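Participant: Only the shape, not the letters, is given here:
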């Protein structure tokens, strides 16, 4: 579509006219009057509507970390949490702006190909590897929720405790992966998942409404409110003194505060999905895709803020690392909370295929970038990824530290470092000199990512050395 609307595209995107158009024209029409030219990403005519693209990107942003945001607010205070949330949301939108500018100049709409254009094959392999590691971690976190929550939901509805095979979480994630996730992951185009993305977001809206409703129906402290207990997957329990419960704090600092920024950064990572969604957007232009990104980030910002605020104001210092577990302590058989848990399960299950698409594209870009679409590769990669993630969820009992390591490395790389250095390398110096303000901003942006990575890894290493366990959320 961009090729067909070359002149209009360059004007609307704000490039300095002819130079950007000429660069893109040179890239994609090298044999204008002669042999048949090579097929590129911009030759694909997108068919996904604006609204469906917003659903897809919003669903890519929304992660399981929404369940831990109330706990994060309890460790920062309301004001500091809001400041950090605004900060991360703005930086995420700016990061997408850098990606779209870089993609618009060279006409490439694949993260891995931007890496190839900026640094050659090593850049493509680096970008593809980071995307793969990050999204495998995200898929694993979603299936971990299915593994832990679905047996409890079935128990509550059937009134049975243990013994039956269908209450085994390992069996359930295999069934869910084969019956629901795999068929969706086998779709040829990401745009068709807009319908499931919309339904998934509806489930999370229901979760938010229920959190707000419960704020006015639960008294603090809880009946067992003499302590704040956060349950952690590797059977470690953190207990805090009861002082200060049921009182909102505007600003607070403790040992868990340092993990709030990694949690929030991980919660806003959607960058591997941006360019595939851009590719399939109908009437695609940079301005139109930036609007998709801005609306998606704003919608998730509002959902994150309201969930964290009302969850925190319900339980205050007694909130757990996973918000739903705190409601279960109030009434394990609460019908509304059971429905909410079921809605969350549906939401994370339908998000897995959306996250799988960028991994498959990264693998294809690294292994066979020039080969045409083939169903055998399409299906084989999806099967391999689902089997790998299922094995991780089944056989790795303490995946929490792995998620922390992945979140501290892949999140700053995808949000800060790669978009910044790609922009510096790809935007021509004739258009923007190296010491121009946009490139200096991009360099500072990448440097901020390096600082963020070093600080996060330092805290994680200190945590490992000291043997202390964390009780934060994940994406």
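Facilitator: That came through fine. Keep in mind the model is a prediction, meaning the values are calculated, not measured.
Participant: pLDDT weak spots in the stretch 301-450 of the chain?
Facilitator: Residues of the stretch 301-450 of the chain meeting the criterion pLDDT under 70: 397-404.
Participant: check contacts around residue 198.
Facilitator: 52, 55 (Cβ atoms under 8 Å, 6 or more residues apart in numbering). Quick note: C-beta positions are derived from backbone N, CA and C, even for glycine.
Participant: one more time with 10 Å, if that's ok
Facilitator: Residue 198 sits next to 51, 52, 54, 55, 56, 58, 59, 350 when contact means Cβ atoms under 10 Å, 6 or more residues apart in numbering.
Participant: out of those residues, which are buried?
Facilitator: Buried members of the contacts of residue 198, scored by 16 or more other Cβ atoms under 10 Å, are 52, 54, 55, 56, 58, 59, 350.
Participant: follow-up on the earlier one: which pair in the contacts of residue 198 spans the largest distance?
Facilitator: Farthest pair in the contacts of residue 198 (Cβ to Cβ) is 51 and 350. Separation: 17.0 Å.
Participant: returning to that earlier point: distance to residue 80 and secondary structure for the contacts of residue 198 - can I get that in TSV?
Facilitator: Putting the contacts of residue 198 into TSV (distance: Cβ to Cβ, whole Å; DSSP: H, G, I helix; E, B strand; the rest coil) gives the following:
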residue	distance to residue 80	secondary structure
51	35	helix
52	36	helix
54	30	helix
55	31	helix
56	32	helix
58	26	helix
59	28	helix
350	33	helix
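Participant: Stretch 276-295 spans what distance, first to last residue?
Facilitator: From its first residue to its last, stretch 276-295 covers 17 Å (Cα to Cα, to the nearest Å).
Participant: no no, stretch 264-277
Facilitator: End to end - Cα to Cα - stretch 264-277 spans 23 Å.
Participant: quick one: average confidence on that stretch?
Facilitator: Across stretch 264-277, pLDDT averages out at 81.
Participant: where's that stretch relative to the chain centroid, distance-wise?
Facilitator: Put simply, stretch 264-277 sits 5 Å off its chain's centre (Cα atoms, centre = their mean, to the nearest Å).
Participant: downstream neighbour of whichever helix in the chain runs longest in the secondary structure list?
Facilitator: For the chain, the longest helix by residue count, based on DSSP state H, is helix 121-158. Per DSSP states H and E, the first helix or strand lying C-terminal to helix 121-158 is helix 169-176.
Participant: Can you spell out which helices and strands pack onto the host helix or strand of residue 421?
Facilitator: For residue 421, the host element (DSSP H and E) is helix 418-426. Applying 3 or more Cβ pairs under 10 Å, 6 or more residues apart in numbering; DSSP states H and E, one finds that helix 418-426 contacts helix 78-106, helix 111-119, helix 121-158, helix 271-280, helix 437-466.
Participant: Most tightly packed of those helices?
Facilitator: Across the helices and strands packed on helix 418-426, averaging neighbours per residue (mean count of other Cβ atoms under 10 Å) puts helix 271-280 on top, at a mean of 26.
Participant: Helix 111-119 and that helix, what's the angle between them?
Facilitator: Helix 271-280 and helix 111-119 are oriented at 100 degrees to each other (axes from the mean of the first three to the mean of the last three Cα atoms, to 10 degrees).
Participant: can you state the direction angle for the helix or strand following helix 271-280 and helix 78-106?
Facilitator: Downstream of helix 271-280, the next assigned helix or strand under DSSP H and E is helix 286-315. Per the same axes, to 10 degrees, the angle that helix 286-315 makes with helix 78-106 is 160 degrees.
Participant: Give me the helices and strands touching the helix or strand following helix 286-315, please.
Facilitator: Sequence-wise, the next helix or strand downstream of helix 286-315 (DSSP H and E) is helix 323-330. Judged by 3+ Cβ pairs under 10 Å, 6+ apart, helix 323-330 is in contact with helix 69-74, helix 121-158, helix 194-215, strand 228-231, helix 286-315, helix 335-367.
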